[in-house]
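Engineer: Let's see this in three dimensions:
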Amino acid sequence: MIVRAIGPELSAPPFNVPRALSDPTLELHDGTGALIASNHNWVKTIIGGIITTDQVASIRASGYAPSDGKNLRSSQSCRPAATLRLYVV
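Structural biologist: Model prediction:
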C-alpha cells in the first residue's frame, strides 16, 4: 500500500488550492491509536514502527514519486483487514 498526502503541489496549477499545507507530516496509527509509522518529506525515510527499511527506492520504482520533496508518500505492508488511521497535519 502506498499512502500519498499532497501538500505543496496543491498550491500550483492546475489545482491552485489556497492555503494548502506547505510542509505536511503523515502519521499512520493502528486500531488502538498507537503511532506505527510517520513521514515528513518523502525523500527521507523515518525508520521506526512498521517501517524497517529505506522507502525512497520503492516509492520511486512505483511510479508514484511526488515532484516536490515536501509531499508525502509512505509504502507499507499491512496485514489483511488491519484497522489503520491516517493523519496528515
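
Engineer: In three-state terms, label Ala57 for me.
Structural biologist: Using DSSP: H, G, I helix; E, B strand; the rest coil, the structure places Ala57 in helix.

Engineer: Over to the one 10 residues further on?
Structural biologist: Using three-state DSSP as the criterion, the local structure at Ser67 reads coil.

Engineer: ok, the nearest residue to it once chain neighbours are set aside to Asp54 distance?
Structural biologist: Closest residue to Ser67 apart from its sequence neighbours, by Cβ to Cβ, 6 or more residues apart in numbering: Glu9 at 6.5 Å. Just so you know, the C-beta spots here come from the backbone N, C-alpha and C atoms, and that holds for glycine as well. Glu9 sits 23 Å away from Asp54, going by Cβ to Cβ, to the nearest Å.

Engineer: Comparing those two, which shows the higher neighbour count?
Structural biologist: In terms of neighbours (other Cβ atoms under 10 Å), Glu9 is the more surrounded of Glu9 and Asp54; the figures are 14 against 11.

Engineer: So the more buried one: helix, strand or coil?
Structural biologist: helix.

Engineer: got a list of what it touches?
Structural biologist: 15, 66-68, 71 (Cβ atoms under 8 Å, 6 or more residues apart in numbering).

Engineer: Rebuild those residues as TSV, extending it with neighbour count, distance to Arg4 and pLDDT.
Structural biologist: Shown next, in TSV, are those (neighbours: other Cβ atoms under 10 Å; distance: Cβ to Cβ, whole Å; pLDDT from 0 to 100):
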residue	neighbour count	distance to Arg4	pLDDT
Phe15	10	14	89
Pro66	19	7	78
Ser67	8	12	76
Asp68	18	12	76
Asn71	23	8	67
